[in-house]
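S.K.: heads up, no residue letters with this:
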């Protein structure tokens, strides 16, 4: 890498960042502003040899072009999403598993990590090895955590008097 190019960019960039950030913040949402700022600085880096001595106005022009590109891209994405939704509308998704409010309530009382494990296992039908991949843990750890989470869910369901997902057979017992 050419050291003089790097030095020139490091000399200019700090004076551009805040003015460009304000320029973009007045024109778009915060996430888009951050993305466009990064794109603008990348263009400035690539074209550092072409930067004028007072580069701010030039950088505003680059930022405006980058913002227009981002807006066009967002419009294309919205149009494509609308076309896809028209061709294949999304099916409604139940927030509650099988519409069971007691189970939903019991899940809500669990630790977030336990509830997520159970959702991955029951709703997404992942194996403990697959859950391990999602969570970034070993398969053994996922299996142990899943077992413990299921036990905690059973305990929560017993507290409310709800069944734990299966009915016990009463065959052969007297009432």
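M.R.: Happy to help now that I have it. Here the structure is a predicted model, which is why all the values come from computation and not from measurement.
S.K.: Does the closest residue to residue 108 other than its chain neighbours belong to a helix, a strand or coil?
M.R.: Using C-beta to C-beta, 6 or more residues apart in numbering and skipping the chain neighbours, the partner closest in space to residue 108 is residue 115 (7.4 Å). Using the backbone N, CA and C atoms, a C-beta is placed for each residue, glycine as well. Taking DSSP: H, G, I helix; E, B strand; the rest coil as the rule, one finds residue 115 in the helix state.
S.K.: give the contact list for residue 3.
M.R.: Neighbouring residues of residue 3 by C-beta atoms under 8 Å, 6 or more residues apart in numbering: there are none.
S.K.: For it, give me phi and psi.
M.R.: Per-residue torsions, residue 3: phi -60, psi -40 (degrees, to the nearest 10).
S.K.: Against residue 159, how distant is it?
M.R.: Distance, residue 3 to residue 159, by C-beta to C-beta, to the nearest Å: 68 Å.
S.K.: and the helix or strand harbouring residue 119, average pLDDT?
M.R.: Following DSSP states H and E, one finds residue 119 within helix 112-122. The average pLDDT within helix 112-122 is 89.
S.K.: Next SSE downstream of it?
M.R.: Counting by DSSP H and E, what follows helix 112-122 is helix 128-135.
S.K.: Next, the buried residues of that following helix.
M.R.: Using 16 or more other C-beta atoms under 10 Å as the burial criterion, the residues of helix 128-135 that qualify are 128, 131-132.
S.K.: ok, so of those residues, who is nearest residue 80?
M.R.: Nearest to residue 80 among the buried residues of helix 128-135, counting by C-beta to C-beta, is residue 131 at 32.4 Å.
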